[in-house]
Each structure stands twice: as structure tokens, then as C-alpha cells.
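In: no sequence on this one, just coordinates:
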Ligand SMILES: Nc1ncnc2c1ncn2[C@@H]1O[C@H](COP(=O)(O)OP(=O)(O)OP(=O)(O)O)[C@@H](O)[C@H]1O
Ligand SMILES: [Mg+2]
């Protein structure tokens, strides 16, 4: 079984007024379908940079990044945009729901950018919301929802188009402990359903729910630990 | 192709949803453009209506009236022994040539008494009436037609009255009323009534009216032209003039040609009073009033455009994260550009529609209150919304380009 993603010696150097900043340095690892991987590390260690690289929002300055077996290095912007639309889902700490859209309308967005037929979109979006337990909030606007509800809408939106890879940057950063646990359960379910899930987190309890834990320090993967899989 | 259309439909829907999701702000924003379009469309609509009104009234009468002065000989004509009348001061051949010009409906000679007004009175009636000071207007048959005299009672005089020098008179309706004669009563002209003008008796032929108030005919006693040449009439007339009624649109041309027809040797000494060209008049009315208002409309449109541009820019900055999110989940730069461009374009279009509707209401309302027919050029109804759309699109170019340039990572931060 081929890995959903494979990094080989990936580096990222930012140009800044104070000189070059190395955010990633020689990062190599693979994530397979069904994996739930946690990335932890101190602030400024390069977690977000790594996640943006995985999400094709940022280009590495060294190394190779293969998504679904395809080398992404030479791809033009339009092709990367299309790959994002098809294969990747994003969940953010700040939810990033579109304020004037209902839950269902938010969830239909990836289907629209994937040019799925209009008549299918609503139905599929409702199904995705039902899967995250929000059947009673289909028409709710974001400002009427709790943090946990918002994040579940965001997870429904990130998975409605059946991507290969789900990328979450601090998904529980704005949630209380109980709600965090619910969200992590949801992510675990999605991984068991065959999705490759990568979660950046500060929260060790969250990391423990993962199959694997990658520790980042100064842009390097310093340790590859076992999370849930190791505890089983 | 259907794919393209489907995508366009999606982007339009996204834009409408965004506009609808911020109703109050959208309404306030589109108000700016609406006022600009309102001012513009109402200005054009009102000036068109006003101009149409001017030319409508104008065409009816003045546009077909030409008067030529200076055709009368300066020295007094000798008295003809056979008739006892002076010779005509204006060459009758010249008048005949004028009447035959292309575009002339009728032409003739008229003169009006000058200095003191003659006494006109009525006898042969049971009701005694005092003498009334009344202008006397002398006209030949062509002039009677050119003056558009119309009998309310009795009849007009004709060539026989002129040629045989019958002492007959018509009374303008106002003059008749002053003399105690009811113009509406047909029996007031019974063929036996005599009016005395400067002490001489004239048989009353009819009571007349005319739409041409400047001719003074409604106020006057009207006598055949030969009376001006009769020393016994005891009336002092001003120099006779030639009066012409033209066919519509011919007045300017006739004004030029009639001078030559009347005095081929020295047409330059004649003065033709022609009506201003109705097209020029209309254009003048339109431009005079329009320029100012169009400048104001343009200024308010500009302010509206700045408003839309500003709102779109603020929206782009406020919705930075939404833009980043959309880009992350697969929106192309172009789709972001089109979405925001459409939002500002549609705000402009809506402003244009609102402004046009308000302007049409205003124009029709004002026209009604002034008893005009609202003359709104049909193209105007399309131009308002279209212009709003263009203003919105232009105003949206910069903010939309800014939105499309955003990097998802920085936008999401
Ligand atoms: N656009 C940029 N330009 C220059 N330097 C940058 C840029 N983005 C990140 N960096 C630097 O790269 C390093 C890694 O940043 P990154 O945001 O990936 O850290 P992080 O692990 O996500 O931190 P945190 O836990 O605070 O979110 C930091 O030193 C940061 O200052
Ligand atoms: Mg980070």
C-alpha cells in the first residue's frame, strides 16, 4: 500500500530581513491511509510550516514531497490548487467558518470548488453534518454555534469531498477538555475509516490519542514516538 | 461549456449570498450609486420631457409663422383717380411670388393702426354701447389665412370684399365682448349690424378668434387691406408687413427666400422674423439645464463608486480569513477575483436599478404635476442599471485584485 504522503529530506528556509530562517530541515516521514499522526513541538519549531507544506499551501526549498505518489515539486499553482481541492481537507484552530453561511452552506463549499453537480451538494453536506452529530444544526449560522459545534462543522467541511488527507492545526486549541475529547474521537473515527489524519497540537492528551507522534524541534524531526498504537 | 456556466452560476450565487448576508451594509453601499444614477437618469428624463414640451408647444404655432418687415415703400403712394385709393405700399407681385414659394401655406399683407387707438362703436342695437378704443388691423385675404383667423360667428371676408372695396369688418372676440356682443351667440352677427370705426360705418361680417395672440387680432377690429389706402378712412396705420404661414419645418428657409421674392433687387434691406429652429431650441433647453445636473450626477456617481470601492476593500480586508480558507480548500485566484468583482458589480447594478426606478418615478411625478407628457428616452431605462454595473465593476477592480493576490497561509494567520 502506497503512502498517502511521503516527505524526503524536506527543508524550508524563509527569507527575512534579519537573514534566512530555517523553519524545516531534512524532514522525512510517511503517512499511510488510516494513520492518525500527531505533530508536537515547542512554539516556533516549524509545526505550522510543516503542515502548510503537507497542505500544498507552502513550497519546500529542499527535498521532495510526494502526495498520493505524485511529486508536487514542479506543479504549477493551478495544479496545486486542484490537488488541494480534491485530496486535502483542512481544520483550523480558529474554525474559519464563513460567517454569512449556514452550516450546510459552509460544508458545500469544497463540493463547489470540486465542481460537483449542484443537486448533489446539499444532500452530501447534510450527510457529512449528520456524521459529525449535527443533524439538529443544519441551518444554523456560525455565530449561533458553540466552539465544539463550529469545529465539528469544520470537520464535516474538511471531509465532505472524501479527501485522502486531513490536516488539522491545533484543532482543539480553542476548546475545553470535554469538547476536545469529542473532536479527537471524531478524528480517530475518520482515521479508522481510512483517512490519513495529521494533527498539530500542543496538547499532550490529544497527542496520546494518535497512532504516532512526531516531535519537531528547530525544524527537525527529533523523535518519532508511538501514541495510541504504542499504548494498545 | 456547461461546466463554465455552472461555475459562473456558482460564483454569482456566492456573490449574491455575500451581499444578502450583509443586508444593511449592502443597502447603504448601493445607496451611493443609486443617488448618482437617480440624479443622472432624472436629469436626462426631465430635460427630455421639458424639451419635448417646449418643441410641442412651439411647433404648433410659432414654428410656422414668418413676418417680414421693411417691404413697404418709404414714400407715400399717389392717389389713383379712378379708385380714390393710394397705390399699395408693398409690391403685390412680390407678395404673390412669396405666396408661391415652396413651403408657404399662405402669405399676405397686414397693417395695424398706430399712435392713438380709433374709436369703435356699435349702433342698430337696442342695447346702447359706448365707443371703445380698439386697434384696427387691416389684412388681405392671404394675411387673414396666415393669421389663422377663425370665425366664431358669421364669416371671414374674401377677395370680393377686397377687390370691390366693401366696407366690411370683423371683430376679434375680445373686442366684440368689449362692445357688448356675445361671440358665442350666432345671432349676434345678423348681416345688418354696423360697427363704426373712427366714425365710418362698416358692416359686421363676423366675430373671429386666433391662436396667434401676438397678432392682436382678438383685441382688434379687422378690416380689408384696401382700407389702409383709403384717405377717407381716417385711420393711421403703421407700415404694412408681410405675414407668412409656412408648412412645418419650412420657416427658416422661407424666411430667407421670401426676402428675395419680395424685393429681388435689395433683399438685404428686409428683415425676416423667423422662429428659432425648433431643433436648436430643443437642444438649447436640453444643454442649458443638463450640463449642470449631469456634472452633479457624475460627481455623485464618483462618490458612489468610491463608496463601493471602499466597501469592497473593507470587505476584502475583513474577509481575509474567508479568502484564505477558500483558497486553501481549492478556490483559484481567478475565482476569488471574479467573486469579489461580481459582488461590487452587483452592488453597482442594484444601485443602478434602484436609482433608475426612483428617477423614473420622480420624472413622471414632476411631469404629471406640470401637465407634461413624460418623454423618457427608452435607452435611458437600460443605461441606468448598466452604468451602475460598470461603476461597481470598475470600483471593484482594485479590491478584488488585492483579494486574489492574497497568499492562503498569510490570509489564514
Ligand atoms: N513567513 C515567514 N517568514 C519568516 N519566518 C517565518 C515565516 N513563517 C514562519 N517563520 C519562522 O519559521 C519558524 C517556524 O514557524 P512555525 O510557524 O512553523 O512554528 P510553529 O511550530 O507553528 O509555532 P507555533 O507553535 O507558535 O504555532 C519560526 O522561527 C518562525 O519565526
Ligand atoms: Mg503554528
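Out: Thanks, I have the structure now. Small disclaimer: the values here were computed from a predicted structure and weren't measured. Ligands and ions are numbered 1, 2, ... in the order given.
In: what about residue A:122, neighbour count?
Out: For residue A:122, the neighbour count with other CB atoms under 10 Å in any protein chain shown is 15. C-betas here are computed from N, CA, C, even on glycine.
In: so which elements touch the helix or strand of chain B with the lowest mean pLDDT?
Out: Every helix and strand of chain B was ranked by mean pLDDT, DSSP states H and E. The lowest is strand B:119-123, at a mean of 72. Applying 3 or more CB pairs under 8 Å, 6 or more residues apart in numbering or on different chains; DSSP states H and E, we find strand B:119-123 packed against strand B:132-133, strand B:194-197.
In: mind running it again at 6 Å?
Out: Counting contacts by 3 or more CB pairs under 6 Å, 6 or more residues apart in numbering or on different chains; DSSP states H and E, strand B:119-123 packs against strand B:194-197.
In: low pLDDT regions in the stretch 101-250 of chain B?
Out: B:123-130, B:213 (pLDDT under 70).
In: and the residue in it positioned nearest to ligand 1, helix, strand or coil?
Out: Among the residues of the stretch 101-250 of chain B, residue B:249 lies closest to ligand 1, at 76.6 Å counting by CB to the nearest ligand atom. Per DSSP: H, G, I helix; E, B strand; the rest coil, the local secondary structure of residue B:249 is coil.
In: for chain A, what lies in contact range of chain B?
Out: Contact residues, chain A versus chain B (CB under 6 Å from any CB of the partner chain): A:52, A:57-58, A:81, A:84-85, A:90, A:96, A:98, A:100, A:110, A:112-113.
In: point out the other helices and strands that the longest helix that chain A contains packs with.
Out: Identified as the longest helix of chain A according to DSSP state H is helix A:177-192. Applying 3+ CB pairs under 6 Å, 6+ apart, one finds that helix A:177-192 makes contact with helix A:147-159.
In: and the end-to-end length of stretch B:112-121?
Out: Length of stretch B:112-121, first residue to last, CA to CA, to the nearest Å: 18 Å.
In: what about the most centrally placed residue in chain A, helix or strand, and which?
Out: In chain A, the residue lying closest to the centroid (CA atoms, centre = their mean) is residue A:167, at 0.9 Å. Per DSSP states H and E, residue A:167 falls inside strand A:165-169.
In: that strand near ligand 1 anywhere?
Out: No. Counting by CB under 6 Å from any ligand atom, ligand 1 is not contacted by strand A:165-169; separation bottoms out at 7.7 Å.
In: just the helices from chain B, written as ranges.
Out: B:2-21, B:23-60, B:92-100, B:141-146, B:159-163, B:173-178, B:251-262, B:278-318, B:320-328, B:333-369, B:378-405, B:408-412.
In: got it, and chain A?
Out: With DSSP H as the criterion, chain A has helices spanning A:47-54, A:77-87, A:103-113, A:118-131, A:147-159, A:177-192, A:204-208, A:228-231.
In: what would the ones you listed look like in TSV with mean pLDDT?
Out: Below are these laid out as TSV (pLDDT from 0 to 100):
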stretch	mean pLDDT
helix A:47-54	94
helix A:77-87	94
helix A:103-113	96
helix A:118-131	94
helix A:147-159	95
helix A:177-192	91
helix A:204-208	83
helix A:228-231	45
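In: export these as a markdown table, with columns for distance to residue B:190.
Out: Compiled in a markdown table, the helices of chain A are given as follows (distance: least, CB to CB, whole Å):
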| stretch | distance to residue B:190 |
| --- | --- |
| helix A:47-54 | 111 |
| helix A:77-87 | 101 |
| helix A:103-113 | 92 |
| helix A:118-131 | 90 |
| helix A:147-159 | 101 |
| helix A:177-192 | 112 |
| helix A:204-208 | 120 |
| helix A:228-231 | 126 |
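In: what's near enough to touch residue A:58?
Out: A:52, B:409 (CB atoms under 6 Å, 6 or more residues apart in numbering or on different chains).
In: do residue B:331 as well
Out: residue A:113.
In: can you do 10 Å?
Out: A:81, A:84-85, A:109-110, A:112-113, B:11, B:14, B:323-325, B:339, B:404, B:408 (CB atoms under 10 Å, 6 or more residues apart in numbering or on different chains).
In: distance check, residue A:148 against residue A:162.
Out: 23 Å (CB to CB, to the nearest Å).
In: so for those two, which residue has more residues nearby?
Out: residue A:148 (19 against 15).
In: look up how far chain B lies from that one.
Out: Counting by CB to the nearest CB, to the nearest Å, the separation of residue A:148 from chain B is 19 Å.
In: cross-check the contact I'm expecting between that residue and residue A:176.
Out: Yes. With contact defined as CB atoms under 10 Å, residue A:148 and residue A:176 form a contacting pair (8.1 Å).
In: count the neighbours of residue B:308 for me.
Out: 28.
In: picking up where we left off before, who does the residue nearest to the centre of chain A bridge with?
Out: Beta-bridge partners for residue A:167, by DSSP bridges, are residue A:90, residue A:198.
In: is it in contact with residue A:55, as I believe?
Out: Yes. Proximity of residue A:167 to residue A:55 meets the contact threshold set by CB under 10 Å, at 4.9 Å.
In: identify the contacts common to these two.
Out: What both residue A:167 and residue A:55 touch, as defined by CB under 10 Å, 6+ apart, is the set A:84, A:88-90, A:198, B:328.
In: what are the buried residues along stretch B:302-315?
Out: B:304-305, B:307-309, B:311-313, B:315 (16 or more other CB atoms under 10 Å in any protein chain shown).
In: what of stretch B:63-74?
Out: For stretch B:63-74, by 16+ other CB under 10 Å, it's B:63-68, B:70-72.
In: of the shared contacts of residue A:167 and residue A:55, closest to residue B:90?
Out: residue B:328 (95.0 Å; CB to CB).
In: which pLDDT value goes with the closest one?
Out: Per-residue pLDDT puts residue B:328 at 95.
In: who are the neighbours in contact with it?
Out: Per CB under 10 Å, 6+ apart, neighbours of residue B:328: A:52, A:55-57, A:81, A:84-85, A:88-90, A:92, A:96, A:110, A:158, A:167, B:408-409, B:411-412.
In: recalculate using a threshold of 7 Å.
Out: A:55, A:57, A:84, A:90, B:408, B:412 (CB atoms under 7 Å, 6 or more residues apart in numbering or on different chains).
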